[in-house]
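**Q** quick one: sequence and predicted model below, then my questions.
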Amino acid sequence: MENRVFSDNGVKVAASNFVAVKIDPRKTQDAMEHKQSRYVPEIVVLDRSQNFITTIDARDPQAMKAELQSALEEANRRKR
C-alpha cells in the first residue's frame, strides 16, 4: 500500500494536512485504543486531542484522496 497508494502525488498532497504516525500495535497497548479491525495496516484519523475521527478503508489512490479530504473536513468541523 505504501508503494502504490501513498506514493501517488494527489494522496501526498491530501496527506500533507495530517501528521502520520506509524505504530506497531503488537508493541504498544496504546495503539489498540482506536484500532477498529484486526488488519494491518489500518489508517485511523484522530483529531489534535486524540479523539477518533474515522478509519480510512481506501486501498486505491482516488478513494484515499476522497477519504482523507472527508476526514479533514470532519476534523475541522469538530474543532469549531
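**A** It's in. Numbers count the residues shown, from 1 in each chain.
**Q** how far does the helix-or-strand element of the chain with minimal mean pLDDT sit from its chain's centre?
**A** When each helix and strand of the chain is scored by mean pLDDT, DSSP states H and E, strand 43-46 comes last, with a mean of 88. Chain-centre distance of strand 43-46: 4 Å, with CA atoms, centre = their mean, to the nearest Å.
**Q** got the CA positions of that strand in CSV?
**A** Extracted in CSV, the C-alpha atoms of strand 43-46 (Å, rounded to 0.1, in the frame of the first residue of the first chain):
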residue,chain,number,x,y,z
ILE,A,43,-5.3,4.0,9.0
VAL,A,44,-7.0,5.8,11.9
VAL,A,45,-7.6,9.5,11.9
LEU,A,46,-7.6,11.3,15.3
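**Q** how about residues contacting the helix or strand following it?
**A** The helix or strand immediately downstream of strand 43-46 is strand 52-56, counting by DSSP states H and E. By CB atoms under 8 Å, 6 or more residues apart in numbering, the residues outside strand 52-56 that reach it are 34, 36-37, 42-47, 64, 67-68, 70-71, 74-75, 78. Any C-beta I mention is one placed from the backbone N, CA and C, and that applies to glycine too.
**Q** one more: stretch 10-17?
**A** Val5, Phe6, Pro61, Gln62, Met64, Lys65, Leu68, Gln69, Leu72.
**Q** and these, which of them are buried?
**A** Val5, Pro61, Met64, Lys65, Leu68, Leu72 (16 or more other CB atoms under 10 Å).
**Q** the helix of greatest length in the chain to strand 52-56, inter-axis angle?
**A** Identified as the longest helix of the chain according to DSSP state H is helix 61-79. On the basis of axes from the mean of the first three to the mean of the last three CA atoms, to 10 degrees, helix 61-79 is oriented at 170 degrees to strand 52-56.
**Q** so for helix 61-79, mean pLDDT?
**A** For helix 61-79, mean pLDDT rounds to 94.
**Q** tell me which other helices or strands it touches.
**A** Counting contacts by 3 or more CB pairs under 8 Å, 6 or more residues apart in numbering; DSSP states H and E, helix 61-79 packs against helix 9-15, strand 52-56.
**Q** any chance of a markdown table for those, columns distance to Asp24 and mean neighbour count?
**A** Shown next, in a markdown table, are the helices and strands packed on helix 61-79 (distance: least, CB to CB, whole Å; neighbours: other CB atoms under 10 Å):
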| stretch | distance to Asp24 | mean neighbour count |
| --- | --- | --- |
| helix 9-15 | 20 | 14 |
| strand 52-56 | 17 | 16 |
